[in-house]
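*Asks:* Sequence first, predicted coordinates after that:
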Amino acid sequence: MPYPPWLRTGPEPSPQQRARRSFRARVFAAALSAFVQLPGLAFTFAQGWHSAHRTLVDPVQLVAVLLGFVASGMLLLRWRGPAVVVVAALATPAIALAPGPPLAVLAVAFAAARAVLGGKAAWTWISLACMAIVGIVLIAVPGLTGEGIRVLVATIVLCVVAGAVTGASARRERFRAATREEASKRRSAAEEERLRIARELHDVLAHSLSQISVQAGVGLHLFDDEPERARESLRAIRETSTTALEEVRGVLGVLRQDDESDAPLRPGPSLDDIPRLLDETRASGLNVRASGNVVDGTRPPDAASTPGSSVGSAVGSAAYRIVQESLTNVRRHAGTVDVSVQVTASPRGIELRIENGPGSTERSSARNAAQGSGISSTHGPSAADAQGGRGILGMRERAETLGGTLEAEHTADGGFRVTAWLPVRGERRTT
């Protein structure tokens, strides 16, 4: 069921709101239709009063006017095809009362119908202009002056007033709707930014805190017997925490859009940072075997995530975070196991594969010391994690945001595997 534009603003209405708006539209249409007939009604009574027989009103003309008002009332009962009802309501008394061809008064009917149904100001003003031209012609041509001219002028004035009121109301509603829509867009953008920041912070802090926990456990265990190695663990903790703080500062930098601080922000991670990430992971106790042109230095110059490309930068950052989160999950759930990391870049995109074997059944003494820091001893992510744990869900969202895919599954030997494809410019991986 169509509604006038001034009733079609804002979000999709509920059934109750649609019912209320439909009733309002019918009442407005009926009121406007009856309103523009008032000059004809006044003319009918005036003509009868000033006639030679002093009758209150001519019966035929009275019936025509009443039929017009009845047709206006029908708008309250019928809304399908209201244009016919509006024009009929206005044309019936117009044809009965007009001294000549009822073109001008039919234009009033058309203008009112357009104002009620379509809200198109151009059509309404064109109709009013036609009425004005007809009125000028009636005045300019001798013998055409009389009561009909006064009826026409009064009708034009009423239509202009009704159109002005309707237009002002429509503009006010459109402004309110635009304001609500703009506020909704700002809220959505802020929510998306908060989710992005939360995802970045999760990836940064989960990886760094996991490394710090392991190194702290090692340091505590070796503090008395091997103080030099304990110092190395402390230095690793300091380096990891410093790096984490820099990355957190870079992530939170988007919250300072209105701050004109000159302090430089650390750029986001990229493919070039993956080798350093693997070295840090090895230092924490994991045996990482790396392969692929990203880690062995054979990446072609036109491969994905090349410097200066916004798309490539986003893909490279996502690849880094997926590798980082996968290694964090291995350290957290499987312990000190062998991990294979393959990162291959091409002009079409980046392919990732991170796989670890089953968790070690015999932990080293350093690993046992780290248990006090809350490290789990399970052999890998649980089934729920594999289907959509928080970390895996975040990795999958990163891949899907770029049009890629990510799969996480348990292997036959009890290990865990993460595979991802991050396309560039909408490329799809061929099987």
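*Replies:* Yes, it's here.

*Asks:* Let me see the domain layout of this protein.
*Replies:* According to automatic domain parsing, the chain comprises the domains 5-184, 191-423.

*Asks:* Check those domains for me: which has the lowest mean pLDDT.
*Replies:* Here the lowest mean pLDDT among those goes to domain 5-184, at a mean of 59.

*Asks:* Pull the strand or helix carrying I392 out as CSV, backbone CA atoms only.
*Replies:* Here I392 is covered by helix 390-401, with elements defined by DSSP states H and E. Extracted in CSV, the C-alpha atoms of helix 390-401 (Å, rounded to 0.1, in the frame of the first residue of the first chain):
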residue,chain,number,x,y,z
ARG,A,390,36.5,-16.4,19.9
GLY,A,391,40.0,-16.4,18.4
ILE,A,392,39.0,-18.5,15.4
LEU,A,393,35.9,-16.5,14.9
GLY,A,394,38.0,-13.3,14.8
MET,A,395,40.3,-14.9,12.2
ARG,A,396,37.4,-16.0,10.1
GLU,A,397,35.9,-12.5,10.2
ARG,A,398,39.2,-11.0,9.0
ALA,A,399,39.3,-13.4,6.1
GLU,A,400,35.6,-12.9,5.1
THR,A,401,35.9,-9.2,5.4
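
*Asks:* got the buried residues for that helix?
*Replies:* Of all the residues in helix 390-401, those buried under the rule 16 or more other CB atoms under 10 Å are G391, I392, G394, M395, R396, R398, A399. Any C-beta I mention is one placed from the backbone N, CA and C, and that applies to glycine too.

*Asks:* Hmm, the last one is touching T405, no?
*Replies:* Put plainly, it is A399. Yes: counting by CB atoms under 8 Å, A399 touches T405, with 5.9 Å between them.

*Asks:* intersection of neighbour lists for those two?
*Replies:* Here A399 and T405 share the contacting residues A420, W421, scored by CB atoms under 8 Å, 6 or more residues apart in numbering.

*Asks:* hang on, the earlier thing: helices or strands next to the helix holding I392 in the packing?
*Replies:* helix 147-222, helix 310-333, helix 383-388, strand 405-410, strand 416-423 (3 or more CB pairs under 8 Å, 6 or more residues apart in numbering; DSSP states H and E).

*Asks:* Which positions in the second one come out as buried?
*Replies:* Residues of helix 310-333 classed as buried: 312-333 (neighbour count, 16+ other CB under 10 Å).

*Asks:* circling back: would TSV of the buried residues of helix 390-401 with distance to E228 be doable?
*Replies:* Formatted as TSV, the buried residues of helix 390-401 follow (distance: CB to CB, whole Å):
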residue	distance to E228
G391	35
I392	39
G394	38
M395	38
R396	43
R398	40
A399	43
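
*Asks:* which one of these is nearest L222?
*Replies:* Compare each of the buried residues of helix 390-401 with L222 using CB to CB and the shortest gap goes to G391, at 29.7 Å.

*Asks:* V330 is in contact with that closest one, correct?
*Replies:* No: look at G391 against V330 with CB under 8 Å: they stay out of range, at 11.1 Å.

*Asks:* Mind checking what secondary structure R20 has?
*Replies:* Secondary structure, DSSP: H, G, I helix; E, B strand; the rest coil: R20 is helix.

*Asks:* That one: neighbouring residues, count only.
*Replies:* 13 (other CB atoms under 10 Å).

*Asks:* go on, H410?
*Replies:* By other CB under 10 Å, neighbour count at H410 equals 16.

*Asks:* what's the answer for T405, then?
*Replies:* For T405, using other CB under 10 Å, the count is 15.

*Asks:* Nearest residue to it in space, please, no chain neighbours.
*Replies:* Excluding the flanking residues, the one nearest T405 by CB to CB, 6 or more residues apart in numbering is W421, at 5.2 Å.

*Asks:* and that neighbour, bridged to which residues?
*Replies:* On the basis of DSSP bridges, W421 is bridged to E351, T405.

*Asks:* for V288, same thing?
*Replies:* V339.

*Asks:* Pull the contacting residues for it.
*Replies:* Residues in contact with V288 (CB under 8 Å, 6+ apart) are L278, T281, R282, L327, V339, S340, V341.

*Asks:* which residues are contacting the helix or strand that the last one is a member of?
*Replies:* Under the criterion of DSSP H and E, V341 resides in strand 338-346. Residues outside strand 338-346 that contact it (CB under 8 Å, 6+ apart) are 271, 274, 278, 281, 286-295, 299-300, 303-305, 319, 323, 326-327, 330, 350-357.

*Asks:* What distance do you get for V337 to N356?
*Replies:* V337 sits 5 Å away from N356, taking CB to CB, to the nearest Å as the criterion.

*Asks:* Compute the distance between the closest residue to R199 other than its chain neighbours and V218, please.
*Replies:* Using CB to CB, 6+ apart and skipping residues adjacent in sequence, the residue nearest R199 is G394, 5.0 Å away. Applying CB to CB, the value for G394 to V218 is 28 Å.
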